[in-house]
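> Below are the sequence and a predicted model; questions follow.
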Amino acid sequence: MKSAPPAGTRATTEITVDRARTVDFLGEELRIYATPELVRDFEVACRTLLLQYCDTGEDSVGTAIRVTHGGATLLGMRVTITVEVTRAEGRSVHFTLSARDDVEEIASGEHSRAVVEVGRLRARVAAKAEKLRGG
């Protein structure tokens, strides 16, 4: 990693809740932002911020997340996602998370990511796959 992002570094992303981001089990009139999709959007926002600090061949993976999702956001509404670095410890970076739709705050939480060397991770995953195959 070139250098760790300093505490207070923020990024804001806007998304529109499309059909793929909604729950389907409540019927068409209740197509609302699904929590797993919100978590994915938080992770993408944090990863995008971190990539600015990564060296060639590095990326980041999520290591922990805690999210409270208390607001129902309708299909077609805009959501503003804000992520902020709270601290960096070596290759581990910690964030606070918040999300607002056009009416209210809908979610908040914390997330941690580890900066990894993609080649080393690929080798570890390949070794695990080989063990699974009995090798």
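Great, that's in hand.
> Roughly how far does the residue nearest the centre of the chain sit from G134?
With distances taken as C-alpha atoms, centre = their mean, the residue of the chain nearest its centroid is E43 (0.6 Å). Noted for E43: a distance of 33 Å to G134, by C-beta to C-beta, to the nearest Å. C-beta here means a position set from N, CA and C on the backbone, and glycine is covered the same way.
> likewise Q52?
As judged by C-beta to C-beta, Q52 and G134 stand 42 Å apart.
> helix or strand right after the lengthiest helix in the chain?
Criterion DSSP state H: the longest helix present in the chain is helix 35-51. Per DSSP states H and E, the first helix or strand lying C-terminal to helix 35-51 is strand 58-69.
> Quickly run through the sheet partners of that next one, with directions.
strand 105-117 (antiparallel) (DSSP bridges).
> If you count neighbours, what's buried in the partner strand?
I106, A107, S108, G109, H111, S112, R113, A114, V115, V116 (16 or more other C-beta atoms under 10 Å).
> mean confidence for the longest helix of the chain?
Averaged over helix 35-51, pLDDT sits at 98.
> which other residues reach that helix?
With C-beta atoms under 8 Å, 6 or more residues apart in numbering as the test, helix 35-51 has contacts from 5, 9, 11, 13, 15, 20-22, 59-60, 62, 65, 67, 69, 79, 81, 83, 85, 93, 95, 97, 99, 106-107, 109, 111, 113, 115.
> Drop anything exposed from those.
Looking at the contacts of helix 35-51 with 16+ other C-beta under 10 Å, the buried ones turn out to be 5, 9, 11, 13, 15, 21-22, 60, 65, 69, 79, 81, 83, 85, 93, 95, 97, 99, 106-107, 109, 111, 113, 115.
> ok, back up a step: tell me which of Q52 and G134 has more neighbours.
Shown here are Q52 and G134; by other C-beta atoms under 10 Å, Q52 has more neighbours (10 against 5).
> Tell me how far that one lies from R113.
Q52 is 13 Å from R113, by C-beta to C-beta.
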